[in-house]
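Peer 1: Fold the following.
(chains A and B)
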Amino acid sequence: MSTPTSEAVRPAKRPNILARIGALGPLLGLILLAILATSLNSDFASISNVSNVLTRAAFTGIIAVGMTFVIVSGGIDLSVGSLAALTAGSMILIMNSLIPTLGSGTSTILVGMLIALAIGALAGLAHGTLIARGRIEPFIVTLGTLGLFRSVLTYLSNGGAISLNDTLSEKYSPVYYGSVLGVPIPILVFALVALLGGLLLNRTRYGRYVQAIGSNEQVARYAAIDVTRIKILTYVLLGVCVAIATILYVPRLGSASPSTGLLWELEAIAAVIIGGTALKGGSGRIWGTVVGAILLVTIENVLNLTNLFSVYLNAAVQGVVIIIVAFLQRGRRT
Amino acid sequence: MSKQFSIGMAALAAITLGMTAAGQSTPLVIGVSIPSATHGWTGGVVYHANEAAKDLAKKYPNARFIIKTANSPSEQANQIQDLYTVNKINTLVILPFESAPLTRPVANLKKQGVYTVVVDRGLTDTSAQDAYVAGDNPGFGKVAAQFMGKQMGGKGNVVILRGLPTVIDNQRVDSFEAAMKTQYPNVKILDKKFGNWNRDDAFKVMQDYLTRYPKIDAVWASDDDMAVGVLKAIQQAKRTDIKFVLGGAGMKDMIKRVMDGDKMIPADVTYPPAMIADAMRLATAARSKGQKMPASTIIPSVLVTKANAKQFYYPNSPF
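Peer 2: Next up, the predicted model:
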């Protein structure tokens, strides 16, 4: 305590540099993994493989962007995988039933997309209202709907699959399989959602409020922030993100079944946390989430492209990589 | 109330009439316990169980069926206890969620005098069951390997998609590889990875196979749900080297494609969810005469081709 000045200055400086390096943790992890993968199998770096990986990352990635808002505000949503399945199923059923009146063309597909967005937004509204107004723990509310959404889908599908009409499926397929200037559409949508999410979180008043609520809800209330409304909006935003992901997902296989979207909630939450958002809320970054989502898919891809480990150990490898990445970015928490 | 009363009266009558008539006049109360419809195949199981119950109730007016579906092994264990204490079943047909956790509960019921018929997944202690009805998992792999080897003219590259890491999957894959090795040694198995009996996972695994191997002649998707994902991945990559995909289980869409002569889906191998219905039929037939069932009934895995596909097509089933 003889040199109080230096004591006071150091902690202010050190975390700054460390945080900068730490913040790059997920990106460093991804780059390391990519180098390793390329050395194991040169096909990893091929354009078609990279586009496969990014396209796959788009689903949970888009959801994870919405999830970032919810987690930053101090909440959580466990139901996104079930919601995606229910949305996909309902959307397909409604589109199929519209064929006699609207025909199997673009208008039916557009109506289907709007319905998906409506379902997502309504589910988010219900979550947000129960959580913010009803004052029930987000964990409990969304644990409840996790089971609810999936069992409604299972009921609708009779336990089998709900399949999109063939001609409609043909018409709709470019939304997943098509590309603009060589870039697959899901990747473009993912980039757009991430960009908008980043702007919303870091450059708007709404984004600042979300962060304020996450770091201290009580203080945010005293600062005259409409906490209830902002919180509800984060869930609506997430619901819309789920709907966007589902709209891209449906044309991939043209069907929904009770195993659709299984464990997406954990992937989305993992992407957010790997990306450097604190699980307890308060701060987060969208680009980190994007890297996190890509990283998760890349691990799987690398395991499929190589025979390094016994297939029984896939989950173990994924776990180890996730923990290493979390370690690389731990500087941020100090 | 009145139903229970009449059952009670019937039981009383049976007792007063003495042991000789007991076999005929005791009403047969059959509890059917199955996993709930959480994916295609179990969806089919639920459908076939309900259909069989309707059908059998007409044929055997003395028999009553109570069908329960469970979401987890523990729920199923509670259910069969309720079936015994509340519904007073005297015969249980069960497709266990998992083998080990259901073994004790089933053994318990048997000890209390319930006739127990176990379907598909064997218990860890076979003395807990009176009869066992199952699909032929090693046969499933063998039939698939034989068809593929023949179709490929005895040579070429195959990739395998496995299901979930379970005993069933191991039996299938081991027997596939063994049959291929002995009968078609020039067919090369490039790799086998888990697609978890899931369309999405199969799509991803197949995408990666396509990136990794420039020449694949055929795919053993080992399941019809996975075959759906595999076909989409091939279509997306616009690959023409793959001549066909062989699934399995007997999903109606795939059987339809076989019927229609789809070149990519020349055949299918059955592992019918209808085996629950077979088990219920066998149990009802034997028990209504007071007889025992054979200790073990194996329903063979059959190769479905264009010639016989019609027999395996259930357009109303969800699976």
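
Peer 1: and B:Gly113, what does it touch?
Peer 2: By C-beta atoms under 8 Å, 6 or more residues apart in numbering or on different chains, the contact list for B:Gly113 reads B:Asn90. Where you see a C-beta, it was placed from the backbone N, CA and C, and this is true even at glycine.

Peer 1: no, scratch that, I was asking about A:Val242
Peer 2: Taking C-beta under 8 Å, 6+ apart, one finds A:Ile63, A:Gly66, A:Val80, A:Leu83, A:Ala84, A:Thr87, A:Gly120, A:Ala123, A:Gly124 in contact with A:Val242.

Peer 1: So the third one is in contact with A:Glu267, correct?
Peer 2: Just to be clear, that refers to A:Val80. No. Under the criterion of C-beta atoms under 8 Å, A:Val80 is not in contact with A:Glu267, lying 9.3 Å apart.

Peer 1: Show me which of these two is the more surrounded one.
Peer 2: Counting neighbours by other C-beta atoms under 10 Å in any protein chain shown for A:Val80 and for A:Glu267 shows that A:Val80 has the greater number, 33 against 24.

Peer 1: so what pLDDT did the more buried one get?
Peer 2: Per-residue pLDDT puts A:Val80 at 97.

Peer 1: quick one: it and A:Glu300, what's the gap?
Peer 2: To A:Glu300, A:Val80 is 19 Å away according to C-beta to C-beta, to the nearest Å.

Peer 1: repeat for A:Asn307
Peer 2: Distance from A:Asn307 to A:Glu300, by C-beta to C-beta: 14 Å.

Peer 1: How about B:Lys256?
Peer 2: B:Lys256 is 32 Å from A:Glu300, by C-beta to C-beta.

Peer 1: Neighbour count for those two, which is higher?
Peer 2: Per other C-beta under 10 Å, whichever of B:Lys256 and A:Glu300 has more neighbours is A:Glu300, with 18 against 14.

Peer 1: Ignoring the adjacent residues along the chain, who's closest to the more buried one?
Peer 2: B:Lys204 (6.8 Å; C-beta to C-beta, 6 or more residues apart in numbering or on different chains).

Peer 1: Tell me the buried residues in stretch A:261-274?
Peer 2: Neighbour counts using 16 or more other C-beta atoms under 10 Å in any protein chain shown place A:Gly261, A:Leu262, A:Trp264, A:Glu265, A:Glu267, A:Ala268, A:Ile269, A:Ala270, A:Ala271, A:Val272, A:Ile273, A:Ile274 of stretch A:261-274 among the buried residues.

Peer 1: and the closest residue to the third one other than its chain neighbours, how far is that from chain B?
Peer 2: Okay, so that is A:Trp264. Excluding the flanking residues, the one nearest A:Trp264 by C-beta to C-beta, 6+ apart is A:Gly81, at 3.5 Å. Distance, A:Gly81 to chain B, using C-beta to the nearest C-beta, to the nearest Å: 11 Å.

Peer 1: Please, where are all the helices along chain B?
Peer 2: For chain B, the helices defined by DSSP state H cover B:2-17, B:19-25, B:40-59, B:73-85, B:99-111, B:137-151, B:167-183, B:199-212, B:224-237, B:252-259, B:275-288.

Peer 1: what sits up against the longest one?
Peer 2: What it means is helix B:40-59. By C-beta under 8 Å, 6+ apart, helix B:40-59 touches A:154, A:157-161, A:257-258, B:32, B:34-37, B:63-65, B:67, B:69, B:95, B:197, B:224-225, B:249, B:251, B:271-274, B:276-277, B:280-281, B:284, B:316-319.

Peer 1: Alpha carbons of that helix, as CSV, please.
Peer 2: Below are the C-alpha coordinates for helix B:40-59, written out as CSV (Å, rounded to 0.1, in the frame of the first residue of the first chain):
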residue,chain,number,x,y,z
GLY,B,40,-40.7,-41.3,-37.4
TRP,B,41,-40.3,-44.9,-36.4
THR,B,42,-41.9,-44.6,-33.0
GLY,B,43,-44.7,-42.5,-34.7
GLY,B,44,-45.3,-45.7,-36.7
VAL,B,45,-45.2,-47.8,-33.6
VAL,B,46,-48.0,-45.7,-32.0
TYR,B,47,-50.0,-45.8,-35.2
HIS,B,48,-49.8,-49.6,-35.6
ALA,B,49,-50.5,-50.2,-31.9
ASN,B,50,-53.7,-48.2,-32.1
GLU,B,51,-54.8,-49.9,-35.4
ALA,B,52,-54.1,-53.4,-34.0
ALA,B,53,-56.0,-52.6,-30.8
LYS,B,54,-59.1,-51.6,-32.9
ASP,B,55,-58.8,-54.6,-35.1
LEU,B,56,-58.2,-57.1,-32.3
ALA,B,57,-61.0,-55.8,-30.1
LYS,B,58,-63.4,-56.7,-32.9
LYS,B,59,-62.0,-60.2,-33.3
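
Peer 1: Off-centre distance for it?
Peer 2: 13 Å (C-alpha atoms, centre = their mean, to the nearest Å).

Peer 1: Now do it against helix B:275-288: the angle between them, please.
Peer 2: 30 degrees (axes from the mean of the first three to the mean of the last three C-alpha atoms, to 10 degrees).

Peer 1: rewinding a little: which of the contacts of helix B:40-59 fall in strands?
Peer 2: Judged by DSSP state E, strands contain the following of those: B:Val32, B:Ile34, B:Pro35, B:Ala63, B:Arg64, B:Phe65, B:Ile67, B:Thr69.

Peer 1: out of those, which is most surrounded?
Peer 2: Scoring the ones in strands among the contacts of helix B:40-59 on neighbours with other C-beta under 10 Å, the highest-scoring entry is B:Val32 at 29 neighbours.
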